[in-house]
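**Q** no sequence on this one, just coordinates:
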């Protein structure tokens, strides 16, 4: 993951949005550091897409103060638009145009000089491994190719901040990992990424900070490791070759759970290296020999379920 600089790319305070009687966002605060990846997680319909649409100027908030790329969104939305790029859940690719023509259209929309635009389009097509298919219709592309084209189109305007709303939904594992590598390269070059996703593995790998949105509010925020430490259930499992070793270890960790049939002892812990060192030091001091050792810590799926009461799902979110 990236090292988070001190500058602020996105700052939102008291963000509110309702549709009729339904409060989609109810006083949400969001801070995203420059050159980092910020991931917004939440169950279906939690408001992730609504947050992206507001921050990217596509819809208006009912209330809240928002600054994006140093600009007040309410006072100067056009300046915000010039600084950002958006790749939504659903492809913005025009199937009537070739891949290259889609890119050139984005160049024109960004008012790039024709020569500069063609040069940038060619470079992006090469970077995203689309040069060989540039003259073909996106109808002939695989899902991964279409998503790469979608992101390449977003980059034509060289945005400082990119909003990626469910960017790998529906992709096979290989295409998903290719997209992850592209995202990591963008951030390494200084781009800020605001990512919504339902793939917890994606957030775990990519995000510097993660916020969990539920019921219109941010219910937890932190790094992946910080969020995992919020949830109990971590442990070290020790396996012994004979019952005597298990008996001796149980006297060292009397609060543990033992299983005489499998000759295992489960020692509660948070999964951190310091905790593991403490367990090993205590075993060494008591001259206890362990046949096998495994460490379990809560993962983001555990965190997600504990905070929202929902299991993570790969189903597509509704429009809000």
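**A** Sure thing, it's come through. Only a predicted model underlies this, so the values are computations on that prediction, with no experimental measurement involved. Residues are numbered from 1 along each chain as shown.
**Q** Only C-alpha atoms from now on, for both contacts and neighbour counts.
**A** Noted.
**Q** burial of residue 135, as a residue count?
**A** Neighbour count for residue 135, taken as other Cα atoms under 10 Å: 13.
**Q** Enumerate every residue touching the nearest residue to it once chain neighbours are set aside.
**A** Closest residue to residue 135 apart from its sequence neighbours, by Cα to Cα, 6 or more residues apart in numbering: residue 98 at 5.4 Å. Contact analysis of residue 98 by Cα atoms under 8 Å, 6 or more residues apart in numbering lists 134-138.
**Q** any idea which of these is closest to residue 19?
**A** Comparing the contacts of residue 98 against residue 19 with Cα to Cα places residue 138 closest, at 35.1 Å.
**Q** Which pLDDT value belongs to that closest one?
**A** As predicted, residue 138 sits at a pLDDT of 91.
**Q** Okay, now the unreliable bits of the stretch 201-320 of the chain?
**A** Applying pLDDT under 70 to the stretch 201-320 of the chain picks out residues 233, 271, 310-320.
**Q** quick one: the strands in it?
**A** Using DSSP state E, counting those that start in this stretch, the strands found in the stretch 201-320 of the chain span residues 209-214, 217-222, 235-239, 257-259, 264-268, 292-296.
**Q** now the angle from the third one to strand 292-296?
**A** Between the axis of strand 235-239 and that of strand 292-296 there is an angle of 160 degrees, by axes from the mean of the first three to the mean of the last three Cα atoms, to 10 degrees.
**Q** tell me the contacts of residue 219?
**A** With contact set as Cα under 8 Å, 6+ apart, residue 219 has these partners: 211-213, 307.
**Q** Repeat the analysis, applying 10 Å as the threshold.
**A** Residue 219 makes contacts with 28, 42, 211-213, 307-308, as judged by Cα atoms under 10 Å, 6 or more residues apart in numbering.
**Q** Of these - the most surrounded one?
**A** Among these, residue 42 has the most neighbours (other Cα under 10 Å), with 27 neighbours.
**Q** Could you pull up phi and psi at that one?
**A** phi 170, psi 160 (degrees, to the nearest 10).
**Q** so it touches residue 218, yeah?
**A** Yes - applying Cα atoms under 10 Å, one finds residue 42 in contact with residue 218, separated by 9.2 Å.
**Q** Quick check: neighbours shared by the two?
**A** By Cα under 10 Å, 6+ apart, residue 42 and residue 218 have these common neighbours: 211-212.
**Q** Please name the residues that touch the residue sitting nearest the centre point of the chain.
**A** Taking Cα atoms, centre = their mean as the criterion, residue 203 is the residue nearest the geometric centre of the chain, at 3.1 Å. Listed by Cα under 10 Å, 6+ apart, the contact partners of residue 203 are 37-41, 195-197, 209-210, 223-224, 300.
**Q** a markdown table please, covering these and showing neighbour count and distance to residue 238.
**A** Below are these laid out as a markdown table (neighbours: other Cα atoms under 10 Å; distance: Cα to Cα, whole Å):
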| residue | neighbour count | distance to residue 238 |
| --- | --- | --- |
| 37 | 27 | 37 |
| 38 | 27 | 37 |
| 39 | 29 | 35 |
| 40 | 26 | 36 |
| 41 | 26 | 34 |
| 195 | 25 | 38 |
| 196 | 26 | 38 |
| 197 | 26 | 36 |
| 209 | 23 | 33 |
| 210 | 23 | 32 |
| 223 | 16 | 29 |
| 224 | 20 | 26 |
| 300 | 20 | 24 |
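**Q** Which member of these is positioned nearest residue 243?
**A** If you rank those by distance to residue 243 using Cα to Cα, residue 300 comes first, at 35.1 Å.
**Q** my read: the closest one touches residue 222, true?
**A** No - applying Cα under 10 Å, one finds residue 300 not in contact with residue 222, separated by 11.8 Å.
**Q** list the buried ones in stretch 76-89?
**A** If you call a residue buried by 16 or more other Cα atoms under 10 Å, then stretch 76-89 has these buried ones: 77, 80-81, 83-89.
**Q** re earlier: now restrict the contacts of residue 98 to buried residues only.
**A** The buried subset of these (16+ other Cα under 10 Å) comprises 134, 136-138.
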